[in-house]
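Trainee: no FASTA, just this:
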Ligand code: SAH
Ligand code: TYD
Ligand code: ZN
């Protein structure tokens, strides 16, 4: 029987996407053939309800020195993290010499404003090339994985942290017990551990099945995070819904008894009970919706190709690794994917090997259809690529269901 990585309870399998590649492993066309695959399957804990993957991809396979993701590619996300930094500076980093640590600081999208405010800070991220980008902005980064030993070393060198922040990273870390022991070692007595991640409620409600890929080891809900915090001697004292990445939640965790929970925690928990996130039938419905999306998307792409239309992809997201590999969408259906990330251009997407090209080539000439893999940036991308629509092109979306706009 499979055991929950958080509480040790029994895990029941509920989704199986089959053989999948490492979603950040964009392939050098000169060196194909050495890709790592794993079985992408998901279960939920019958005890604490945590939704989690059944197979773990080794962390060094995912978060390498040359990890290609760059947070600052989106203006919307830059604005989001500017506001987040402001909020932390105004509410938590107000003491005489405050200290903030970020887990998964990437290119410094959040710490930038904290550094500019002159506040002591430290990013921790194994992605060395992304860390170089952050350092060029004057941000301090340790290039390593955060875990208990890292936290103890930071504590010894810099003293306790008033805030430990993390965005879109804690859910990526299977060895969660070491993270919480590290937070326990590093956090000041009345400090807060604030992390935000994609929300299970939105993923199920809108069939965002592509949010499930190797890195998203856990899919958090308010209930499961509350149970997880309690398991490690902490308490969930804040929960805030965020519109980013199709729907996320910012969790504020403090030492048990240190702070009074905000009323939003109970409110969001009550709403969550209506979603049935702990019930097996919820996942059966989710699985059926996913199968329908796969059938509808394949039928549409095949029909358009049979009619002689050229279809491309937009946004070489890591999410799209699940869509393309689970649905079997290769270069025969989608001839290229356009993406602004320099590190991805000239490479092939993981598994199905669709070439990644720079957006400057998108309009030379425009295709008939563009499958929007980066649907979470729809507004920003559609505004930027207005001419595509004006020239008669059409966007294909597959969330919350398959449709053309
Ligand atoms: N916080 C940014 C980046 C998210 S991508 C944002 O929200 O946009 C996830 C980042 O976490 C990557 O840069 C990856 O290298 C880093 N990461 C993964 N595991 C980590 C760990 N155990 N400790 C610190 N960083 C980690
Ligand atoms: P994102 O959806 O943030 O994440 P993930 O890879 O985790 O699924 O990735 C967005 C991708 O889309 C990223 O590779 C950059 C690209 N992109 C563009 O090409 N143009 C744009 O205007 C934006 C906002 C993103
Ligand atoms: Zn559990």
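Mentor: Looks like it came in fine. Computed from a predicted model, the values in this text were never measured in an experiment. Residues are numbered from 1 along each chain as shown. Ligands and ions are numbered 1, 2, ... in the order given.

Trainee: pLDDT averaged over stretch 244-256 - what is it?
Mentor: Mean pLDDT, computed over stretch 244-256, is 97.

Trainee: For stretch 64-78, list every residue counted as buried.
Mentor: Neighbour-count burial for stretch 64-78, counted by 16 or more other C-beta atoms under 10 Å, picks out 64, 67-74, 77-78. Using the backbone N, CA and C atoms, a C-beta is placed for each residue, glycine as well.

Trainee: does any part of it sit near ligand 2?
Mentor: Yes. Under the criterion of C-beta under 6 Å from any ligand atom, ligand 2 is reached by stretch 64-78 at 69, 73-74.

Trainee: right, is that stretch up against ligand 1?
Mentor: Yes. Stretch 64-78 reaches ligand 1 (C-beta under 6 Å from any ligand atom) through 67, 69, 71.

Trainee: now the residues you listed as a markdown table including distance to ligand 3?
Mentor: Shown next, in a markdown table, are the residues of stretch 64-78 next to ligand 1 (distance: C-beta to the ion, whole Å):
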| residue | distance to ligand 3 |
| --- | --- |
| 67 | 29 |
| 69 | 29 |
| 71 | 30 |
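
Trainee: Of those, which is the nearest to residue 125?
Mentor: residue 67 (8.7 Å; C-beta to C-beta).

Trainee: can I assume the closest one sits in a strand?
Mentor: No. Secondary structure of residue 67 (DSSP: H, G, I helix; E, B strand; the rest coil): coil, not part of a strand.

Trainee: Show me where the stretch 1-150 of the chain has its strands.
Mentor: Counting by DSSP state E, counting those that start in this stretch, one finds strands in the stretch 1-150 of the chain at the ranges 11-21, 37-45, 51-53, 99-103, 120-124, 141-142.

Trainee: other SSEs contacting the fifth one?
Mentor: It refers to strand 120-124. Other helices and strands packing on strand 120-124, by 3 or more C-beta pairs under 8 Å, 6 or more residues apart in numbering; DSSP states H and E, are strand 99-103, helix 111-116, strand 141-142, helix 148-158.

Trainee: picking that back up, now the strands of the stretch 1-150 of the chain as TSV including distance to residue 292, mean neighbour count and mean pLDDT?
Mentor: What follows is these, written out as TSV (distance: least, C-beta to C-beta, whole Å; neighbours: other C-beta atoms under 10 Å; pLDDT from 0 to 100):
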stretch	distance to residue 292	mean neighbour count	mean pLDDT
strand 11-21	14	17	97
strand 37-45	18	20	97
strand 51-53	21	25	98
strand 99-103	37	27	99
strand 120-124	41	23	98
strand 141-142	44	21	98
